[in-house]
Structure formats: structure tokens, C-alpha cells
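In: For reference, the sequence and a predicted model appear below.
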Amino acid sequence: MSRKNKTLGEYIIENQASFKYTSGELSRLINSIRLAAKVVNHEVNKAGLVDIIGTAGDTNIQGEDQQKLDVYANEKFIQTLTNRNIVCGIASEEEDDFISINSQDENNQNKYVVLIDPLDGSSNIDVNVSVGTIFSIYRRITPVGTPVRIEDFLQKGNEQVAAGYIVYGTSTMLVYTTGHGVNGFTLNPAIGTFYLSHPDMQFPKDGNIYSVNEGNYIHFPQGVKNYIKYCQMEEEDRPYTSRYIGSLVSDFHRNMIKGGIYMYPKSSKNSNGKLRLLYECNPMAFLAEQAKGKASDGFTRILDLEPIELHQRVPFFCGSKNMVEKAEEFMQKNP
């Protein structure tokens, strides 16, 4: 196991050979995400001191109000990845369509596309609650040297070569996987360096936390209602504790460390679910499985779902393996 005082840069270099495709390009890509994360972290920590909180006055492709920090984080990640000339395409939750990088340059040999939720849970900024960034990396499937196409982004989650998130909380952490386990790195703000603080992160097989917006209870499918009642029953190992922050990154991070399940099911208000398959569910599902957890839409493994559009939404159940499987039992009885 890696020593805990190792920097993220050292870890990337030492483990480059274990990447699915051995190339310095993927290493440089993760380093670029690290750089953008530090820039965004600096701005998040100034919220309340400068004019960076509140709505930006626009809506995104999903019709949601964009926060000023949404716009800022989106610009910084796109700018960093573009300027370093290491990706051939970017898709962002905040953009209507994907972005093709250097599409006119026949010498562009970049192989990777990035899909990103630049600032998950950004509405919590105004009240000083943890937010995060989620990213997902794929190898393009169209010929290298040509402009990227939509099929480069509409790949199943099981084709990801790397995924991760940054949580901006009491400390800032970057957690990621390249298909060989999950490791977490904490930022030392004094010197601007991420250090390996949480090697080989894993979900406990069981947990006692359930995370769901119970304000929507009346709109949930009967199977979800029944599972919530199961979680609340007085039994030897129950009732479970209800903990819901409202930032997927924060809820997922806590449950991975302590054991628990996160649920955002479909409802009578959101018949397809609320979370985005490509920007949120796929990367978190990849992380969950690499951390010995499980992720599904209540019936099907998330990583096996076939994407049909960039901003596709799906139901999401993710966390400790035994808890997700129990939720699936209830869903299958009462879908």
C-alpha cells in the first residue's frame, strides 16, 4: 500500500504503468484536473468575501438557475483542459453541447474526452455547505486526428478509464480511480499540494446511513417508500440514521467512509430521475464499484446503461453493497 505522505504528482507518476492505457497523456490530464481544482477551491473559499455567490441570471440546458460559481468553475475547468492541449473533447453539465478541441488540427493526436459536472451542489454555496466537482474520462472511439463526435461521449460507464471527484469542504480532497481501487488526496493549502491521505478507500459492506430527500417521499415509487420504512424500523441493527446534505459528492464521500446508501429515485415529478447519467451517475458508479460498493438504477447496474443523449437522467441508488441490494429487492417487488 502506498505511503500516506506521498503527493498526488508522485502517486500519478509511480502508478502510471497501472493505467488501462499506459501513456503520459492520461497522467497529464489528471494533473490538469488537479490544477483546475486548486483554482476553483481558491474561489470557493472566498465566497462571501467577493461577489461570487448567488445566481448568475442564466439557466443551464436542464432549465436550472446557474450560480455564479457554476459559471466560474465551468470556465476554469474548460480553460485549463483546453489550454494544456491534452484532450480532444469536453462535455459539461453546464453546456448545451460537447466541445471539440483543436478539431481543425490534423496533428492533434489526443485520445481522451472528459465529461464534467464542474460544481455539484452549488446552491449550497450561499449557506457554506460542502460542494464538489465530478469528472469522468474516456478514450475516444472515433479516429484520432479527426473532430470528436457525439458517440465519443455516449459510451457506457464500464468504458471509463478514470473518474473522480473533488470535495470542497472543511478540507479539500481529490478522490479518483483508474480502475485499480480508489485513493483520496487532501490539499495542504499552505503549499498548494495534494497528499495521499486516504489510500485504498472502500465502502463497508453494510452501513447504517440512508441519504435521500424525504421531502419528496410522497412522489416516490412504492418500492422506495417501503425501503425507507424498512430503514426506519426498530430492529437489532436499525433504525438507520438519515443524513442528506444535498450535494452528491458530499453524501457519497461520507457514505463511502462510514457506510451507507444514497438514493435519488425517479418520482412523479421526475419520471426519469433527476441525476445525469454521464456527469454524475457513471463516474460515481465507477468509484463505488472500485471501492467495493454498488450502484444501480434500482434494477440495472449503472455502468451497463446505454447512454442515448448527453444530458440523460436516470434514477440512482449507490453505496454499501448489501444496502443497495436490499433497496433493489424492494424496488423489484414494487417498481
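Out: Ah, there it is.

In: CA only for contacts and neighbour counts going forward, please
Out: Will do.

In: what about residue 88, neighbour count?
Out: Residue 88 sits with 27 neighbouring residues when counted by other C-alpha atoms under 10 Å.

In: got it, and residue 319?
Out: 36.

In: is it true that it lies in a strand?
Out: Yes. Residue 319: assigned to a strand according to DSSP: H, G, I helix; E, B strand; the rest coil.

In: ok now do it, which residues does it touch?
Out: 203, 252, 255-256, 259-262, 288, 293-295 (C-alpha atoms under 8 Å, 6 or more residues apart in numbering).

In: Not counting sequence-adjacent ones, nearest residue to it?
Out: In this structure, residue 319 finds its nearest non-sequential neighbour in residue 261, 4.4 Å apart by C-alpha to C-alpha, 6 or more residues apart in numbering.

In: List the beta-bridge partners for that neighbour.
Out: residue 210, residue 319 (DSSP bridges).

In: Just to check, it is in contact with residue 326?
Out: No. The pair residue 261 and residue 326 does not pass the contact test of C-alpha atoms under 8 Å, sitting 10.3 Å apart.

In: May I see the buried residues of stretch 293-311?
Out: 293-299, 301-303, 305, 307, 310-311 (16 or more other C-alpha atoms under 10 Å).

In: Can you give me the end-to-end span of that stretch?
Out: 25 Å (C-alpha to C-alpha, to the nearest Å).

In: What average pLDDT does that stretch get?
Out: Average pLDDT, stretch 293-311: 97.

In: same thing with stretch 187-195?
Out: Stretch 187-195 shows an average pLDDT of 92 in the prediction.

In: Other residues contacting that stretch?
Out: 4-8, 38, 171-174, 185-186.

In: Which helix or which strand is home to the residue sitting nearest the centre point of the chain?
Out: Residue closest to the mean C-alpha point of the chain, counted by C-alpha atoms, centre = their mean, is residue 134 at 3.4 Å. In this assignment (DSSP states H and E), residue 134 forms part of strand 131-139.

In: ok so, going back, which ones among the contacts of stretch 187-195 map onto helices?
Out: 8, 38 (DSSP state H).

In: Among the contacts of stretch 187-195, which ones are in strands?
Out: Secondary structure assignment by DSSP state E places 172-174, 185-186 of the contacts of stretch 187-195 in strands.

In: May I see these organised as a markdown table, with distance to residue 209 and neighbour count added?
Out: Listed next are the ones in strands among the contacts of stretch 187-195 as a markdown table, based on distance: C-alpha to C-alpha, whole Å; neighbours: other C-alpha atoms under 10 Å:
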| residue | distance to residue 209 | neighbour count |
| --- | --- | --- |
| 172 | 23 | 21 |
| 173 | 22 | 24 |
| 174 | 23 | 26 |
| 185 | 24 | 24 |
| 186 | 24 | 20 |
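
In: Out of those residues, flag the one nearest to residue 156.
Out: Nearest to residue 156 among the ones in strands among the contacts of stretch 187-195 is residue 174, at 23.6 Å by C-alpha to C-alpha.

In: Just list the residues touching the closest one, thanks.
Out: Applying C-alpha under 8 Å, 6+ apart, one finds that residue 174 lies in contact with 34, 164-167, 184-187, 194.

In: Quick check: which element contains the closest residue to it other than its chain neighbours?
Out: Leaving aside its chain neighbours, residue 174 sits nearest to residue 166 (4.4 Å; criterion: C-alpha to C-alpha, 6+ apart). Here residue 166 sits within strand 162-168, counting by DSSP H and E.

In: Show me what that strand pairs with in its sheet, parallel or antiparallel.
Out: strand 131-139 (antiparallel), strand 172-177 (antiparallel).

In: circling back: against residue 282, how distant is the residue nearest to the centre of the chain?
Out: Distance of residue 134 to residue 282, computed by C-alpha to C-alpha: 10 Å.

In: Could you do residue 298 as well?
Out: For residue 298, the distance to residue 282 - C-alpha to C-alpha - is 14 Å.

In: With residue 11 instead?
Out: 24 Å.

In: same question, residue 205
Out: Distance of residue 205 to residue 282, given as C-alpha to C-alpha: 20 Å.

In: Neighbour count for the two, which is higher?
Out: A direct count of neighbours by other C-alpha under 10 Å for residue 205 and residue 282 places residue 282 higher, at 28 against 17.

In: before we move on, the earlier item: which outside residues touch the strand holding residue 166?
Out: Outside strand 162-168, the residues that touch it by C-alpha under 8 Å, 6+ apart are 37, 41, 44, 130-138, 172-179, 249-250, 283-284, 286-287.

In: again, but for stretch 303-315
Out: The contact list for stretch 303-315 (C-alpha under 8 Å, 6+ apart) reads 62, 91, 93, 97, 153-158, 263-266, 272-278, 281-282, 285-286, 296-298.

In: With residue 24 as the reference, name the closest of the strands paired with strand 162-168.
Out: Across the strands paired with strand 162-168, closest to residue 24 is strand 131-139 (C-alpha to C-alpha), at 13.7 Å.

In: Could you give the average pLDDT over the closest one?
Out: What strand 131-139 shows for mean pLDDT is 95.
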